[in-house]
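Engineer: with the sequence up front, the predicted model follows.
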2 protein chains.
Amino acid sequence: MNLSPKIEAFVMHFGEMGSRWGFNRTVGQMYALLVINEKPLTANDIATALSISRGNVSMGLKELQSWQLVQVQHQPGDRKDYYCAAGDIWTMAKRVFEERRKREIDPTLTLLRDQLLDTPANDTEAFAQQRMREIHDLLEGVTQWSTELHNMSPETLHKLVKLGSGFSKVLELKDKLVNKS
Amino acid sequence: MNLSPKIEAFVMHFGEMGSRWGFNRTVGQMYALLVINEKPLTANDIATALSISRGNVSMGLKELQSWQLVQVQHQPGDRKDYYCAAGDIWTMAKRVFEERRKREIDPTLTLLRDQLLDTPANDTEAFAQQRMREIHDLLEGVTQWSTELHNMSPETLHKLVKLGSGFSKVLELKDKLVNKS
DNA sequence: ATAAGCTTTCAATAATTTCTGAAAGTTCAA
DNA sequence: TTGAACTTTCAGAAATTATTGAAAGCTTAT
């Protein structure tokens, strides 16, 4: 398994970015490799291509499966597991987005909900709770909104992205028509 | 500087989440502390409250300033720097969002743009480039869209969040009216 | 000029995370 | 039942990241 310079650049870049996207370097590289390869790869192919240990590949694949970003496939008469990137580009984006929401927002929302049930004991706590309320409402909005995104078809998503700067205009339009607020 | 249990829980939680949000534990704690405190704090207040070294606080504040999340203030006749969280909740959210976009998306977009200028040398590279194109277009959409968000007033943002599940309906509405696509 | 009262820097150390590879586990064909 | 062809696990090693604290830098009052 030998990578062309261009493909290598792409894979290595995804490695660098990996940690910023919520997984580690090798997991990033592995995913990139699976995404730009048309054909499914075995765990050994991956280990060779990236010069990492077989054990590390196994861990990485487990991680990618927990993100639902890869799929296992089998070839008839071959005992090996073959891996490939799951779904189209929109599916991938949605999965990463969802997974990150779960890890980055949900736990905080839970904490804030709990804290907001208590009555503040003094002024300091009252102010603190007010801030927590604001953060809570914001995060709840983001969560709802992310559910919305999750349920959109690729076409709608595509439209949304293409909408670009026409976005606030649509909001205003809606305001006028529905005549609320 | 002694924290009440509730406030401590909040601060510690932000510490835990810190790394998922793009900064480290102490930076997360520091920010939480500044957000739930009505009054500005000195670097020493922070060090005491969180039981961390003065040097670490200095580093952390530098980091938070690079995210534009804190402001320095001065009290008349006092040489110390006082710090507080910058802006309201929407400002904070926008700054975190923007900063993360810069770190998580922009570098990849640059790489992809470069790669897409070259002509693929073979079928493998052609397929790879096709994938890169898709990712590029998606990220460009997200970027545009994030600029849009950035320019929205708190009121518009609030409306957007409240819109919740009515969102795709608005999109459809727009489709019918404008009668495009 | 000096020193008091701050803040910042940075080399050394500590803590955490990632990676390796050998051993154990699984599955299947013969 | 054995063993060949895989995969997974996990303890220890390596790499990376965060933290400390002492020293160096500012700035202002005297």
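Structural biologist: Cool, got the structure. As the structure is a computational prediction, the values presented were derived from the model and not from experiment.
Engineer: now do the helices in chain A.
Structural biologist: A:5-18, A:25-36, A:43-50, A:54-66, A:89-104, A:106-117, A:123-151, A:154-163, A:167-178 (DSSP state H).
Engineer: quick one: closest of those helices to residue B:41.
Structural biologist: Checking the helices of chain A against residue B:41 by C-beta to C-beta gives helix A:123-151 as the closest, at 12.5 Å. (Each C-beta comes from the backbone N, C-alpha and C, glycine too.)
Engineer: would you mind measuring from the residue of chain A positioned farthest from its centre to residue A:114?
Structural biologist: Most distant from the centre of chain A: residue A:122, at 40.1 Å, with distances by C-alpha atoms, centre = their mean. When C-beta to C-beta, to the nearest Å is applied, the distance between residue A:122 and residue A:114 equals 19 Å.
Engineer: please name the residues that touch the closest residue to DNA strand C within chain A.
Structural biologist: Of all residues in chain A, residue A:55 sits closest to DNA strand C, at 2.2 Å by C-beta to the nearest atom of the strand. Applying C-beta atoms under 8 Å, 6 or more residues apart in numbering or on different chains, we find residue A:55 in contact with no residue.
Engineer: need the phi and psi values for the residue farthest from the centre of chain A.
Structural biologist: Main-chain torsions, residue A:122, degrees, to the nearest 10: phi -160, psi -180.
Engineer: distance of it from DNA strand D?
Structural biologist: For residue A:122, the distance to DNA strand D equals 29 Å [C-beta to the nearest atom of the strand, to the nearest Å].
Engineer: likewise residue A:120?
Structural biologist: Taking C-beta to the nearest atom of the strand, one finds residue A:120 at 29 Å from DNA strand D.
Engineer: excluding chain neighbours, what is closest to that residue?
Structural biologist: In this structure, residue A:120 finds its nearest non-sequential neighbour in residue A:126, 4.1 Å apart by C-beta to C-beta, 6 or more residues apart in numbering or on different chains.
Engineer: quick one: that neighbour and residue A:118 touch, right?
Structural biologist: No. Counting by C-beta atoms under 8 Å, residue A:126 sits too far from residue A:118 to count as a contact (11.2 Å).
Engineer: for residue B:46, find the nearest of the helices of chain A.
Structural biologist: Nearest of these (C-beta to C-beta): helix A:123-151, 15.9 Å.
Engineer: buried ones in the closest one?
Structural biologist: Residues of helix A:123-151 classed as buried: A:124-125, A:127-129, A:131-132, A:134-136, A:138-146, A:149 (neighbour count, 16 or more other C-beta atoms under 10 Å in any protein chain shown).
Engineer: what's near enough to touch the nearest residue to residue A:30 once chain neighbours are set aside?
Structural biologist: Closest residue to residue A:30 apart from its sequence neighbours, by C-beta to C-beta, 6+ apart: residue A:60 at 4.8 Å. Contact partners of residue A:60, counting by C-beta under 8 Å, 6+ apart, are A:26, A:27, A:30, A:46.
Engineer: give me that answer again for 6 Å
Structural biologist: If a contact means C-beta atoms under 6 Å, 6 or more residues apart in numbering or on different chains, then residue A:60 has A:26, A:27, A:30 as its contacts.
Engineer: now swap in residue A:136 and tell me
Structural biologist: Applying C-beta under 6 Å, 6+ apart, the residues contacting residue A:136 are residue A:112.
Engineer: separation between it and residue A:105?
Structural biologist: 11 Å.
Engineer: find the nearest non-adjacent residue to the residue farthest from the centre of chain A, please.
Structural biologist: Closest to residue A:122 by C-beta to C-beta, 6+ apart is residue B:4, at 7.9 Å.
Engineer: what's the local residue count around the one you found?
Structural biologist: The number of residues packed around residue B:4, counting by other C-beta atoms under 10 Å in any protein chain shown, is 14.
Engineer: now residue A:23: closest residue in space that isn't a chain neighbour?
Structural biologist: Using C-beta to C-beta, 6+ apart, the closest residue to residue A:23 is residue A:63 (6.0 Å).
Engineer: pretty sure that neighbour sits against residue A:26.
Structural biologist: No. Counting by C-beta atoms under 6 Å, residue A:63 stays clear of residue A:26, with 9.4 Å between them.
Engineer: for the residue of chain A found nearest DNA strand D, give me the pLDDT.
Structural biologist: Closest contact between chain A and DNA strand D, by C-beta to the nearest atom of the strand, is at residue A:55 (3.0 Å). Predicted confidence (pLDDT) for residue A:55: 98.
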